[in-house]
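here's a sequence, model it:
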Amino acid sequence: MTDKQLFIQSFTQKNKVIGVIGLGYVGLPIALELAKKFKVIGFDINEKRVALMQQQIDPSNELPKEAFDGCDIQFTADTEVLKQATFFIVAVPTPVDEHNVPDLKPLTGASTTIGKVIKKGDYVVFESTVYPGCTEEDCVPIIEKISGLTFRQDFKVGYSPERINPGDTLHTLTKITKIVSGCDDESLEHIAAVYDAIIEPGVYKAASIKVAEAAKVIENTQRDLNIALMNELSQIFNRMGINTYDVLEAAGTKWNFLKFQPGLVGGHCIGVDPYYLTYKSNELGYKPQIILSGRSINDGMPNYIAQKLVQYLLGKGKNPSQCRALIMGATFKENVTDIRNSKVFDLYRELKNFHFEVDMVDAMADAHEVEEEYGVSLSPSPSGTYHVVVVAVAHDDYKALDEEYFLTLAEPDAVIADIKNMYAGKLKQLTHWTL
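Modelled structure (predicted):
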């Protein structure tokens, strides 16, 4: 039996335990999939979340109760329990601060925890999105310092970028090729063997940890730039009196046209990851131009939308400070409960800055979480009539709405701002505006 086979056998026979640190949108699905074949400890510092998972409830509302069935997993917030693990997977969030500077506190916190529980011969694999070099330059030294162990000699490290897409029931964890990397040939083979046990299309072995880190960060940077181009085009075409979606539909008849659409770019990936790359780039003395330009365009879309709505009302002789606006949708994308980095709240603030009275509704978002994170009170339902109705998120429930519904909400000369272009050709009596 080869060394690789012996390594994976120690986990399949449950002589060794896998520990997953951070049980959010990324960590919990990984922990549960691994727990179908191996013995797993799921660790999170949030005791309330742990308590829910112990009752087979996903706090993120992404996974059904059945996802926990048949899983050999222990959920805990106790680091002493985590000491049983020999193969650690880190899946904590990596956000940016108010200045768009990478916030590594969750990552350094996880590295500190590992430093307290790691032993000789153990493995650590990071999944959190970072800039190239972060794993070896920022995380490993923390583990070494606290544990007293030596990297490569006493413990091995790898990086395998997460590819979880919240709300996507087609491209799920086990259906997507997983990039893996290691600090040497042996660690690469061992790490690949663990992930290969749950990933149906198999794994891709990256040339190095830095290559794997870079691959992750450019996946979302590429999408960010393509959406930024669409957002810029929508502003140009708007000045020309051309419908952007009509243009995209026509251009999309060519086989190699990339079918991106304009919109609000938020969430914990596309709206964040590019800043990790630009941060490192600036640190190395190169000021990125295209990436930051795209970020500027996308971050400026809430203001652009608010200005267009103000212009419409002024053209009708109305004072925005005497107008009511309704925003439908608060999550960062359709059919999810995730409100992290949702640009809808930037739009809310822009409308408030123009002195609108603004109501916001979204049955999928947790009202307490919204209040805590953004200081915004979600309304249980629309109340009265509005001069502006912004449908900001393409929830399935919103797609099913018709003009009769909006007529009950809207003033006679109101504008329906359809950010995702769901009602094209469906609104005959009300003014329809889209990007």
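
quick one: residues contacting the closest residue to residue 341 other than its chain neighbours.
Setting aside the residues directly before and after it, residue 341 is nearest to residue 266 in space (CB to CB, 6 or more residues apart in numbering), at 4.7 Å. For the C-beta atoms, the positions are set from N, CA and C on the backbone; glycine is no exception. With contacts defined as CB atoms under 8 Å, 6 or more residues apart in numbering, the neighbours of residue 266 are 332-333, 340-344.

nearest residue to the residue nearest in space to the middle of the chain other than its sequence neighbours?
Among the residues of the chain, the one closest to the centroid is residue 268, at 3.2 Å (CA atoms, centre = their mean). Setting aside the residues directly before and after it, residue 268 is nearest to residue 340 in space (CB to CB, 6+ apart), at 4.7 Å.

you'd agree the one you found is in a strand?
No - using DSSP: H, G, I helix; E, B strand; the rest coil, the assignment for residue 340 is coil, not a strand.

on the pLDDT front, check it for me.
Looking at residue 340, its pLDDT stands at 88.

can you tell me which of the contacts of residue 266 lies nearest to residue 365?
Looking at the contacts of residue 266 and their distance to residue 365, the nearest is residue 342, at 8.5 Å (CB to CB).

that closest one reaches residue 336, doesn't it?
No - with contact taken as CB atoms under 8 Å, residue 342 and residue 336 are classed as non-touching, separated by 10.0 Å.

residues of the biggest helix by length in the chain that come out buried?
Scanning the chain for the helix with the most residues, using DSSP state H, yields helix 209-240. With burial defined by 16 or more other CB atoms under 10 Å, the residues of helix 209-240 counted as buried are 209-210, 212-221, 223-228, 230-235, 237-238.

and the next helix or strand past that helix?
Proceeding C-terminally, helix 209-240 gives way to helix 244-251 as the next helix or strand, assigned by DSSP states H and E.

which strand runs longest in this protein?
Ranked by residue count under DSSP state E, the longest strand found in the chain is strand 410-418.

how's this structure carved up into domains?
Each domain of the chain is listed here as a residue range: 3-206, 241-433, per automatic domain parsing.

how far out from the middle of the chain is the first one?
Right, the one you point to is domain 3-206. Taking CA atoms, centre = their mean, to the nearest Å, the mean C-alpha location of domain 3-206 is offset from the chain mean by 17 Å.

per-residue confidence averaged over that domain?
94.

now swap in stretch 414-431 and tell me
On average, the pLDDT along stretch 414-431 is 94.

pull the residues that contact that stretch.
Contacting residues not belonging to stretch 414-431 are listed as 245, 261, 263-264, 305, 308-309, 312-313, 334, 385-394, 398-399, 401-403, 406-407, 410, 413, 432-435 [CB under 8 Å, 6+ apart].

gap between the two ends of that stretch?
For stretch 414-431, the first-to-last residue distance is 7 Å (CA to CA, to the nearest Å).

how many residues are close by the residue nearest to residue 268?
Taking other CB atoms under 10 Å as the neighbour definition, residue 340 ends up with a count of 20.

quick one: contacts for residue 23?
Residue 23 makes contact with 31, 42-44, 49-50, 53, 75, 91 under the criterion CB under 8 Å, 6+ apart.

likewise for residue 394?
329, 334, 420, 422.

so the third one is in which element?
Assigned by DSSP H and E, residue 420 belongs to neither a helix nor a strand.

in the chain, which spans are strands?
Going by DSSP E, the chain shows strands at 17-21, 39-43, 73-76, 85-90, 123-126, 156-159, 178-180, 203-205, 324-328, 357-361, 386-391, 410-418, 431-433.

which non-adjacent residue is nearest residue 22?
The spatially closest residue to residue 22, leaving aside those adjacent along the chain, is residue 92, at 3.7 Å (CB to CB, 6+ apart).

mind listing what that neighbour touches?
With contact set as CB under 8 Å, 6+ apart, residue 92 has these partners: 21-22, 24, 27, 106-107, 109-110, 128.

hmm, 6 Å instead?
For residue 92, the set of contacting residues under the criterion of CB atoms under 6 Å, 6 or more residues apart in numbering consists of 22, 106-107, 110, 128.

now swap in residue 265 and tell me
Taking CB under 6 Å, 6+ apart as the definition of contact, the neighbours of residue 265 are 227, 271, 298.

what's the burial count for the residue nearest to it when sequence neighbours are not counted?
Across the structure, with CB to CB, 6+ apart as the measure, the residue nearest residue 265 apart from its sequence neighbours is residue 298 (4.1 Å). Residue 298: 25 surrounding residues under other CB under 10 Å.

residue 298 touches residue 229, doesn't it?
No - contact between residue 298 and residue 229 fails when scored by CB atoms under 6 Å: they sit 10.1 Å apart.

if I look at residue 189, how far off is residue 180?
10 Å (CB to CB, to the nearest Å).

okay, those two: which has more neighbours?
More crowded of residue 189 and residue 180, by other CB under 10 Å: residue 180, with 27 against 17.

need the contact list for that one.
For residue 180, the residues meeting the contact criterion (CB under 6 Å, 6+ apart) are 160, 191-192, 195, 203, 205.

separate out the buried members of the residues you listed.
Here the buried ones among the contacts of residue 180, as counted with 16+ other CB under 10 Å, turn out to be 160, 191-192, 195, 203.
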